[in-house]
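**Student:** Sequence and predicted structure are below.
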Amino acid sequence: MEIIVAKKILNANDQIAQANRARFDASRVLAVNLLGSPGAGKTTLLEAVLPGLAKTRKIAVVEGDLATSRDAERIEAIGVPSMQINTAGGCHLDANMVSRAIGTFELDSLDLVVIENVGNLVCTAGFDLGEHLRVVVLSVTEGDDKIEKYPPMFQKADALVLSKMDLLPHTNFQVERMRENLQRLSSQARLFPLSVQTGDGIDAFVDWLESAMRRDRRDR
Ligand code: MG
Ligand code: ZN
């Protein structure tokens, strides 16, 4: 019985997610769901990447957190409009929350919407928000076993950003072992090792986002 109820809820989420995607498509907006543990560096990645992109692209950010608007304030501070969703303790964003948030944006005027999910490697993977791409941020300080331990998160990723690479020498994280684990899941995720501190690897990730935006416009 409970399983049936849970499935119904997920189906309702999927319907709203499809409607969100249709709204993004109609406005030719690329939507990215940004996922990862608390402290992986999701907001820090946006702070490093968005100012450059914002020179030529119109961007807005949806920030999901249990409480506070700290991340949205950080995004506003770099000149990018953002909308904070407080989940009141909820551990993931769902399509309905995103639907309400994007209703506050002028979607037609935007090129890119980034939805930074609640920091969580578990249930955030199970909720389609209507995004086109899933970007997972994994920091080297979290350990290379996370891919084996949280397979759904990494299976469905389109890109895996390996963050805090400047700290790699201070950890026992093995990039090769992580790569093998990723292949074992038959994940299609493109790997972007980078460091916001040194700037290494940022350009490759920006180029990937740029080409996704171009592809997105061609398809519609
Ligand atoms: Mg954050
Ligand atoms: Zn959850």
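**Tutor:** Here it is on my side, so go on. Ligands and ions are numbered 1, 2, ... in the order given.
**Student:** any idea how far Asn172 is from Thr141?
**Tutor:** Asn172 sits 10 Å away from Thr141, going by CB to CB, to the nearest Å. C-betas here are computed from N, CA, C, even on glycine.
**Student:** part of a strand, is Glu131?
**Tutor:** No. Applying DSSP: H, G, I helix; E, B strand; the rest coil, one finds Glu131 to be coil, outside a strand.
**Student:** Going forward, the N-terminal residue is numbered 719.
**Tutor:** All set: I'll call the first residue 719, so the last point we hit is now Glu849.
**Student:** So it is in contact with Ile833, correct?
**Tutor:** Yes. Taking contacts as CB atoms under 8 Å, Glu849 lies within contact range of Ile833: 6.4 Å.
**Student:** Now list whatever residues contact both of these two.
**Tutor:** Listed as contacting both Glu849 and Ile833 by CB atoms under 8 Å, 6 or more residues apart in numbering are 749-751.
**Student:** Show me which residues of this protein sit near ligand 1.
**Tutor:** Within the chain, the positions near ligand 1 by CB under 5 Å from the ion are 760-761, 789.
**Student:** Let me know the closest of those to ligand 1.
**Tutor:** Ligand 1 has its nearest neighbour among these in Thr761, at 3.4 Å by CB to the ion.
**Student:** Look up phi and psi at Phe823.
**Tutor:** Phe823 adopts backbone torsions of phi -100, psi 150, taken as degrees, to the nearest 10.
**Student:** Next, Lys776: phi, psi?
**Tutor:** For Lys776, the backbone dihedrals (degrees, to the nearest 10) come out as phi -90, psi 120.
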